[in-house]
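Engineer: I need the structure of the sequence given here:
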Amino acid sequence: MPDNDIPWQEGTWTHPPHDVVVEDRHLVVTAIEGSDAWRHTAYDFVHDSEHALLAPLMIGEAMEVSFRAPWRGQFDQAGLFVRAGAEHWVKAGVEHADGHLGLGAVVTAVRSDWSIGFVDEWRDADITVRVSRWSDAVIVRARAGAEEWRLVRVAPFASAGAVAAGPFLAAPTRRGLAVRFTRWARGTADAALH
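Structural biologist: Numbering: from 1, shown residues only. Presented below is the predicted three-dimensional model:
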């Protein structure tokens with residue numbers, strides 16, 4: 001379980017957001033309209049404009065991000081981003097699509113894939129996404145409040161180079177999405193899938 005909080009200033013943005021404010025030890029971030037992360041699959045475009053605040057994530061470590069957001073716009077999204085390179089990354093979290101709140105992950109190795117399931121009951125919750133890095137995989141879990149962890153994804157993820165991870169948000173279709181990140185922490189990776 002991550003037990004070492006990461007100071008917000010230790011991260012580096014992949015793409016600077018519209019606005020960043022530290023408020024009551026929380027990080028309130030406003031996305032730029034049109035920001036997103038996706039590569040090729042089904043839509044035949046590449047979007048590489050997400051706002052991800054990244055710090056190193058080593059094999060054997062886990063990282064958690066907790067957040068709250070007003071989910072109103074199509075594809076409003078926030079969660080945790082894991083990046084090995086422009087064509088090798090994972091975004092895991094919550095996305096508002098077609099009137100529903102979905103919990104899922106996009107795993108990208110040159111091309112993206114997307115898995116998602118509805119969690120409409122999480123709309124006003126404090127949501128936490130957790131990623132554990134193994135030598136050949138990432139294990140994604142999430143929960144709302146203090147409920148039990150849900151297994152979201154076991155995804156192949158091997159990299160000989162540096163890997164970084166941290167909170168992310170994107171607003172593909174509107175301006176004004178502001179996400180309040182309440183915690184960012186690092187600890188020991190989960191030892192088991194179940």
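Engineer: OK, contacts around the closest residue in space to D76 that isn't next to it in sequence?
Structural biologist: In this structure, D76 finds its nearest non-sequential neighbour in H96, 4.4 Å apart by Cβ to Cβ, 6 or more residues apart in numbering. Backbone N, C-alpha and C define where each C-beta goes, glycine included. Contact analysis of H96 by Cβ atoms under 8 Å, 6 or more residues apart in numbering lists 71-77, 102.
Engineer: Buried among these? Make that a PyMOL selection.
Structural biologist: This is how PyMOL selects the buried members of those, with burial counted by 16 or more other Cβ atoms under 10 Å:
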select buried, resi 71+73+75+76+77+102
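Engineer: V90 contacts M63, correct?
Structural biologist: No: contact criterion Cβ atoms under 8 Å: V90 and M63 do not qualify, at 11.5 Å.
Engineer: List the contacts of L193.
Structural biologist: Shown in contact with L193 (Cβ under 8 Å, 6+ apart): 139, 151, 154.
Engineer: give me the element it is part of.
Structural biologist: L193 belongs to no helix or strand when elements are defined using DSSP states H and E.
Engineer: separation between the residue of the chain positioned farthest from its centre and V107?
Structural biologist: Of all residues in the chain, D44 has its C-alpha farthest from the mean position, at 22.5 Å, by Cα atoms, centre = their mean. D44 sits 18 Å away from V107, going by Cβ to Cβ, to the nearest Å.
Engineer: Over to R83?
Structural biologist: In this view, R83 and V107 are 12 Å apart by Cβ to Cβ.
Engineer: can you pull the contacts of the residue nearest to I32 when sequence neighbours are not counted?
Structural biologist: Leaving aside its chain neighbours, I32 sits nearest to H18 (4.8 Å; criterion: Cβ to Cβ, 6+ apart). Going by Cβ under 8 Å, 6+ apart, H18 touches 30-32, 175.
Engineer: If any of those are buried, put those into a PyMOL selection.
Structural biologist: Here is the PyMOL command that selects only those of these that count as buried (16+ other Cβ under 10 Å):
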select buried, resi 30+31+32
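Engineer: middle-most residue in the protein, spatially?
Structural biologist: The chain, centroid-nearest residue using Cα atoms, centre = their mean: L80 at 2.0 Å.
Engineer: I figured it hits L169, correct?
Structural biologist: No: L80 is not in contact with L169 according to Cβ under 8 Å; the separation is 10.6 Å.
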